[in-house]
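**Student:** generate a structure from the sequence data that follows.
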Amino acid sequence: MGDTLTIVVVIGLVAILMFVFPLMTMADRTDDISQLTVETATTEVVDNARTAGKLTMDQYSKYVETISSTGNAYDVEMEVKVLDENPGKKTSQAKATKIGENEYYAMYTSQILDRLEENGTLPLKEGDIVVFRARNKSTTPAQQLKNFLYSVTGNGTYTIAAEHAGIVTANGTGK
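**Tutor:** Numbering: from 1, shown residues only. Take a look at the predicted model:
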């Protein structure tokens, strides 16, 4: 009886070592590749918008297509902080020729998408700030395995995420 129980335990451990751990390793590598893809795409879309001085619907569509190619669903958030130069009063902190203070107002994802759908482009000017954030909202195979084996991750967590921001360096033409 003791030998039978030992054999069953050994077979169970061997099965785990032969199948589950390699499967977990492959799933983790897939998540790593997805993470790199999302980080690269996020950096590219922000840098393209910064240097061109505009964000276009084509850029956004290409970005969403690229990150979706990883096989996961993502929650994409965009923010544009628009530089609003206020020519109200002289300041003592800057040059004597500078008048007013610079303030930013923010546009968020739904406002940006509305503008992109209407015009096809969102013109930006030098000094504006562009921010993109992406987080996976679907459960990856690695998360499922970890939930099953470790109970480490929960429903509200994500493993693939990227954020990039930058200051616009060129004035957009709006076309």
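
**Student:** from residue 29, how far out is the residue most central in space within the chain?
**Tutor:** To find the centre residue of the chain, average its C-alpha atoms and take the closest one (C-alpha atoms, centre = their mean): that gives residue 134, at 2.4 Å. Separation of residue 134 from residue 29 (C-beta to C-beta, to the nearest Å): 20 Å. No exception for glycine: its C-beta is placed from N, CA and C like everyone else's.

**Student:** could you do residue 13 as well?
**Tutor:** Taking C-beta to C-beta, one finds residue 13 at 24 Å from residue 29.

**Student:** so what's the residue nearest to the centre of the chain bridging to?
**Tutor:** Listed beta-bridge partners, residue 134: residue 76, residue 162 (assigned using DSSP bridges).

**Student:** shaky segments in this protein?
**Tutor:** 1, 85-101, 151-158, 173-175 (pLDDT under 70).

**Student:** the strands in it, which residues?
**Tutor:** Using DSSP state E, the strands of the chain run over residues 54-56, 74-90, 99-108, 121-123, 129-136, 161-167.

**Student:** contacting residues for the closest residue to residue 47 other than its chain neighbours?
**Tutor:** Nearest-residue entry for residue 47: residue 166, 6.4 Å, with adjacent residues in sequence omitted and distances by C-beta to C-beta, 6 or more residues apart in numbering. Counting by C-beta atoms under 8 Å, 6 or more residues apart in numbering, residue 166 makes contact with 46, 47, 50, 129, 130.

**Student:** which of the residues you listed are buried? Put it as a PyMOL command.
**Tutor:** One line in PyMOL is enough to select the buried members of these, burial here meaning 16 or more other C-beta atoms under 10 Å:
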select buried, resi 46+50+129+130
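
**Student:** looking at the contacts of residue 166, spot the one nearest residue 72.
**Tutor:** Taking C-beta to C-beta as the measure, residue 46 is the one of these closest to residue 72, at 20.1 Å.

**Student:** contact partners for that closest one?
**Tutor:** 130, 131, 132, 164, 165, 166.

**Student:** from those, pick the one nearest residue 21.
**Tutor:** residue 164 (34.0 Å).

**Student:** for residue 144, see how far away that closest one is.
**Tutor:** 28 Å.

**Student:** these two: which is more packed in?
**Tutor:** When residue 164 is set against residue 144 and neighbours are counted by other C-beta atoms under 10 Å, the residue ahead is residue 164, at 19 against 12.

**Student:** residue contacts, that one?
**Tutor:** Residue 164 sits in contact with 39, 42, 43, 46, 47, 131, 132, where contact means C-beta under 8 Å, 6+ apart.
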